[in-house]
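> after the sequence you'll find the predicted model.
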Amino acid sequence: MIYFSLISRISDGLPLAGTTDVSYENDDPDFKLAYKELKRVIRKCDKFPDRCTYTPSTYSIHFISALGLTFSVICDSSYPTVLAFSFLDEIQKEFLQQYETEKREKATRPYTFVEFDTFLQKAKTRYKHPRTLTTKLDLTTLSQEIRLRPPYNISPEEVNPPVGNFVLSTSFRTSATSHRHFVPLGLFGWVTVAMNVFCSCLNLARAILLMNEGHIDDFDSEVYQFGALFLLCCLFFSYQVYLMCWPTNMRKPLACATLGSICLCQLYLWEHRTSIQMLFHITVSCTATFVIFTRQIQEKLPQYNL
């Protein structure tokens, strides 16, 4: 029979929904082992094919991956494989129908869709007796598909690499091992990034134009000094893009320093720019600083208490 099911996000391993009534199995050491191994498999699922089976004990773990999600189940090793994957296909269709992509991607807390457990319990009850269930389901197509493309059997070495084997221990490192990452940018954030890239390109073009106008034998001329200032502005705007897109230590002080440097450059370049151009560059830089300050880093809980 089916004992436990879990729906998680591939990008960071975040569990979105799962079965809650597993306390009655906690005294079984084999189930504890399968439960522990499931957590390890989930963190490495993007390294495996989209349909896999892993049997660490008297229990088997089956999972499918699709659309950035992993649907997994723990059941008896004697439970029919075709029924286990039929169960996974069923909960996959229902979950994708109930929760849109945007809602799934915005979830930040474990078990955000805990109410989906109601459907999981009903499905578990239906799949509890395989003999009676096979007469109610049309498993012909799925059986043929599994026979033609059987699930990949994961070996214990792939889940638990040998200690001391550096290559194996690092080959399964996934994005779920990163404990710090930004909450996704919204429309305002992406527009700000685009404007910063635009300003960076403008300053680069002005720097190249000014330096082409200078005399190659006169490196101390003001033309080259202003060209260098335009080039610095280009670098500062590019650095703001970096601070907006990647989590960095001390990013807020660095953002303030970058904003001050851009404003200072505008003062030096007032002869080569109109007031509107200067105001535009300062506004874009201030907006980027605001995004850097307000964009939050999402700290991932290492185990998510699965």
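It's in.

> what residue ranges in the chain score low on pLDDT?
Across the chain, the ranges flagged by pLDDT under 70 are 21-26, 129-138, 161-182, 213-221, 297-306.

> mind naming the longest helix for it?
Determined from DSSP state H, the single longest helix within the chain is helix 187-213.

> so which elements touch the helix or strand just after that helix?
For helix 187-213, the following helix or strand on the C-terminal side (DSSP states H and E) is helix 222-245. On a contact count with 3 or more CB pairs under 8 Å, 6 or more residues apart in numbering; DSSP states H and E, helix 222-245 meets helix 187-213, helix 251-268, helix 275-294. All C-beta spots, glycine's among them, are computed from the backbone N, C-alpha and C.

> make TSV out of those helices and add distance to Leu148 and mean neighbour count.
Listed next are the helices and strands packed on helix 222-245 as TSV, based on distance: least, CB to CB, whole Å; neighbours: other CB atoms under 10 Å:
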stretch	distance to Leu148	mean neighbour count
helix 187-213	43	16
helix 251-268	51	16
helix 275-294	50	17
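
> need these in JSON lines (columns: distance to Lys47).
Rendered in JSON lines, the data for these read as follows (distance: least, CB to CB, whole Å):
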{"stretch": "helix 187-213", "distance to Lys47": "30"}
{"stretch": "helix 251-268", "distance to Lys47": "31"}
{"stretch": "helix 275-294", "distance to Lys47": "33"}
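
> of the ones you listed, which approaches Leu6 most closely?
For Leu6, the closest of the helices and strands packed on helix 222-245 is helix 187-213, at 31.5 Å, according to CB to CB.

> quick one, the closest one and helix 275-294 angle?
130 degrees (axes from the mean of the first three to the mean of the last three CA atoms, to 10 degrees).

> what about helix 187-213, distance to the chain center?
Here helix 187-213 is found 29 Å from its chain centre; the criterion is CA atoms, centre = their mean, to the nearest Å.

> repeat that for stretch 59-77.
On CA atoms, centre = their mean, the centre of stretch 59-77 falls 19 Å from the chain's centre.

> how long is that stretch end to end?
Distance between the two ends of stretch 59-77: 5 Å, counting by CA to CA, to the nearest Å.

> in that stretch, what counts as buried?
Across stretch 59-77, burial judged by 16 or more other CB atoms under 10 Å covers 59-65, 69-75.

> and for stretch 11-22?
Neighbour count says stretch 11-22 has Asp12, Gly13, Leu14, Pro15, Leu16, Ala17, Gly18, Thr19 buried, by 16+ other CB under 10 Å.

> got the phi/psi numbers for Ile91?
phi -70, psi -30 (degrees, to the nearest 10).

> show the contacting residues for it.
Applying CB atoms under 8 Å, 6 or more residues apart in numbering, we find Ile91 in contact with Ser5, Ile7, Phe71, Phe119, Leu120, Ala123.

> any chance of these in CSV, plus distance to Glu271 and secondary structure?
Putting those into CSV (distance: CB to CB, whole Å; DSSP: H, G, I helix; E, B strand; the rest coil) gives the following:
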residue, distance to Glu271, secondary structure
Ser5, 68, strand
Ile7, 61, strand
Phe71, 63, strand
Phe119, 68, helix
Leu120, 69, helix
Ala123, 72, helix
